[in-house]
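1. Fold the stuff below for me.
(one chain, ligands or ions: 1)
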Amino acid sequence: MPFATRVHPGKKIRLSDIDPKANGGLEKADGEAQLEKLSLELGELQELLYAAGTHSLLVVFQGMDTAGKDGSIRAVFNHTSPLGQRISPFKVPTPLERDHDFLWRVHSQTPEKGMISIFNRSHYEDVLVVRVHELAPKAVWSKRFEHINNFERLLADSDTIIVKFYLHISPEEQEQRLLDREREVEKAWKLSAADWVERRSWSKYMTAYEEAIQRCTTSYAPWIVVPSDRKWFRNLAVAESLVETLRPYRKGWVDALTERGQAELTAIRAARGERGRRN
Ligand code: ADP
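-> Numbers count the residues shown, from 1 in each chain. I've put the predicted structure just below:
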């Protein structure tokens with residue numbers, strides 16, 4: 001059983017049916033040991049992705065405040081090379097961004113071949129915060145699900161592997177995390193009165209998330225719901241989903257690299273004037 005829930009197209013999803021406290025029946029120490037192995041494997045897979053240069057990877061992180069978008073990026077990508085990845089945070093749009101269509105700022109951050117792009121928030125904010133706070137009329141945001149699916153299809157058709165994580169925490173756990181921040185001096189920089197205001201819209205956010213996840217989970221860009229009340233389990237579930245997504249590509253990448261190596265070897269020998277000898 002995978003640790004996270006992959007949402008299949010056409011299936012109804014109720015977030016309240018998924019337990020944010022799930023731990024996969026594991027103890028923390030066991031989970032952390034498994035995470036270490038998986039993040040090492042992710043590092044190897046990234047090296048192959050980078051070297052083969054035939055695909056790119058887009059990883060989207062969404063979740064309520066304190067769900068752990070930053071934390072899971074730090075924990076899961078700790079054995080990947082910064083050379084092969086870029087992290088793009090999406091904040092309140094600038095005036096210039098707002099004067100374009102909502103995908104304009106997103107498209108420029110998508111990964112080129114060989115690269116990983118990690119989105120900390122994403123184009124989904126345009127059907128989440130925008131909907132919850134009525135920043136655009138329904139006639140505008142409701143058309144965006146189709147635009148998003150078409151956009152992600154375009155990326156997938158250009159060999160972008162896409163995985164989208166919803167980090168699922170309970171309102172009780174969020175409250176605890178916000179209170180912890182007030183107590184810990186080293187976390188004071190994270191304090192924001194706005195987080196307490198946002199909490200009041202919890203159920204509106206859940207409705208918006210459910211619809212976004214349901215309408216935009218596709219075979220080429222699936223949504224994965226990650227139980228996130230336990231940080232160690234959240235990290236493990238994200239790492240497992242990513243590794244399982246990438247594993248099927250491993251052989252193709254290794255074969256392409258071996259073939260490229262052989263061709264280069266032949267070219268080197270020819271350049272040195274060696275003829276007729278094999279290997
Ligand atoms: P984070 O919470 O991601 O660490 P911030 O505290 O700067 O970083 O929050 C970014 C804010 O930008 C969030 O409140 C988010 O809802 C908002 N935001 C992101 N994209 C949009 C958008 N398209 N329209 C309006 N607000 C957005």
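2. Please list all residues in contact with the residue lying closest to residue 216 once chain neighbours are set aside.
-> What sits nearest to residue 216 in space, not counting adjacent residues and going by Cβ to Cβ, 6 or more residues apart in numbering, is residue 148, at 5.3 Å. For every residue, glycine as well, the C-beta is placed using N, CA and C. Residues in contact with residue 148 (Cβ atoms under 8 Å, 6 or more residues apart in numbering) are 103, 123, 124, 127, 216.
3. State whether residue 38 and residue 243 are indeed in contact, as I suppose.
-> Yes - between residue 38 and residue 243 a contact is recorded at 5.1 Å, counting by Cβ atoms under 8 Å.
4. more neighbours, the two?
-> In this comparison of residue 38 against residue 243, neighbours counted by other Cβ atoms under 10 Å, the higher total goes to residue 38 at 22 against 19.
5. for the host helix or strand of that one, what is the average pLDDT?
-> Using DSSP states H and E, the element containing residue 38 is helix 28-52. For helix 28-52, mean pLDDT rounds to 98.
6. relative to helix 28-52, how tilted is whichever helix or strand comes after that helix?
-> Remark: after helix 28-52, the chain's next helix or strand is strand 56-63, criterion DSSP H and E. Orientation check (axes from the mean of the first three to the mean of the last three Cα atoms, to 10 degrees): strand 56-63 against helix 28-52 gives 140 degrees.
7. so what does strand 56-63 touch, helix or strand wise?
-> Contact partners of strand 56-63 among helices and strands, from 3 or more Cβ pairs under 8 Å, 6 or more residues apart in numbering; DSSP states H and E: helix 69-76, strand 116-120, strand 160-168.
8. partner strands of it, parallel or antiparallel?
-> Sheet pairing of strand 56-63 (DSSP bridges) gives strand 116-120 (parallel), strand 160-168 (parallel).
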